[in-house]
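1. give the three-dimensional model of this entry:
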Amino acid sequence: GILDPLVFTSMDPRWTFDEVFQDMRDWMAFYPWDQLYHYNHTVYTVEAHWALYCDNYLEGFHVPYVHPGLNASLDMPSYETRLFPYSNIQIGIAGPGEPHLDVPQDHPFGGQSVYAFYWWVFPNMMFNFYPWGLSMNVVTPESLTRTRIHYHTYLKRDADAEAFHRTGIHQTELEDEAIVEKVQLGITSGLYDAGRFSPTQEKGVHHFHQLLAQWI
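-> Numbering: from 1, shown residues only. Sure thing, here's the model as predicted:
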């Protein structure tokens, strides 16, 4: 399947491309895909299980405590998650004076100052849509306790590269890695006991675990 400039393939697909990506394609139809170009590729190594990295991405509990820079850019009371069969989206509304996406009026979030759309696609891909472009993350397991994260950055042709750097994605990633590695230590300590999911902050995590139980 193709989402210009992205091309996806699979050796043994379990679902069709449209089954997995059509919801994101519909929601992001307004986005200027054809104006994106590949800006850079960065690889991060996290000493933790790959699913813990996904869990962290899919919940909003930690943002005010782990990401002070990102938290200052978002209106966290408006943070929202919506679910689809094989993906989900977190919507971050921009705080006062922050850059935001130009969302058309006929969109579910038309007229709102959206800082970013954070799409997760089962089981291991993240697509983060910003005013300056797209950050695509591919989560690759190396072992039970080591994961590589491939960051592909696509800038809009008319965007300033400094806008990407001002977003602080590198710093946010380092903050995420630090907390995920601590969670890894916690769950292997023998003291961890599972609790309930938060219906407001962990909808995405619950969705991920349901899909894992169903398909893996």
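
2. who touches the helix or strand harbouring residue 181?
-> Secondary structure assignment for residue 181, by DSSP states H and E: helix 169-187. Residues from elsewhere that reach helix 169-187, judged by CB atoms under 8 Å, 6 or more residues apart in numbering: 42, 44, 46-49, 52-53, 55-57, 62, 66-67, 69-70, 135, 145, 149, 151, 153, 192. Where you see a C-beta, it was placed from the backbone N, CA and C, and this is true even at glycine.

3. and the strands in the chain?
-> Here the chain has its strands, by DSSP state E, at 2-3, 6-7, 36-46, 80-84, 87-93, 114-121, 125-129, 133-143, 146-156.

4. now for the fourth one, which elements pack on it?
-> The one in question is strand 80-84. Judged by 3 or more CB pairs under 8 Å, 6 or more residues apart in numbering; DSSP states H and E, strand 80-84 is in contact with strand 87-93, helix 203-215.

5. so which bits of it are buried?
-> Buried residues in strand 80-84, counted by 16 or more other CB atoms under 10 Å: 81-82, 84.

6. tabulate those residues in CSV, adding columns for pLDDT.
-> Listed next are these as CSV, based on pLDDT from 0 to 100:
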residue, pLDDT
81, 97
82, 97
84, 98
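
7. next, format those as JSON lines and append distance to residue 1.
-> Putting the buried residues of strand 80-84 into JSON lines (distance: CB to CB, whole Å) gives the following:
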{"residue": "81", "distance to residue 1": "24"}
{"residue": "82", "distance to residue 1": "22"}
{"residue": "84", "distance to residue 1": "16"}
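
8. looking at those residues, spot the one nearest residue 124.
-> residue 84 (16.3 Å; CB to CB).

9. hang on, the earlier thing: now the helix holding residue 181 and strand 146-156, what's the angle there?
-> Angle, helix 169-187 to strand 146-156, by axes from the mean of the first three to the mean of the last three CA atoms, to 10 degrees: 160 degrees.

10. between helix 169-187 and strand 36-46, how many degrees?
-> 30 degrees.

11. what are the buried residues along helix 169-187?
-> 169, 173, 175-177, 179-181, 183-184.

12. which helix or strand in this structure has the lowest average pLDDT?
-> helix 161-166 (a mean of 85; mean pLDDT, DSSP states H and E).

13. which strands or helices does it pack on?
-> If contacts are counted by 3+ CB pairs under 8 Å, 6+ apart, helix 161-166 sits against strand 146-156.

14. how near is the nearest residue to residue 18 once chain neighbours are set aside to residue 147?
-> Of all residues not flanking residue 18 in the chain, residue 1 sits nearest, at 7.3 Å (CB to CB, 6 or more residues apart in numbering). Per CB to CB, to the nearest Å, residue 1 is found 25 Å from residue 147.

15. of the two, who's got more company?
-> Using other CB atoms under 10 Å as the criterion, residue 1 and residue 147 rank with residue 147 on top: 25 against 15.
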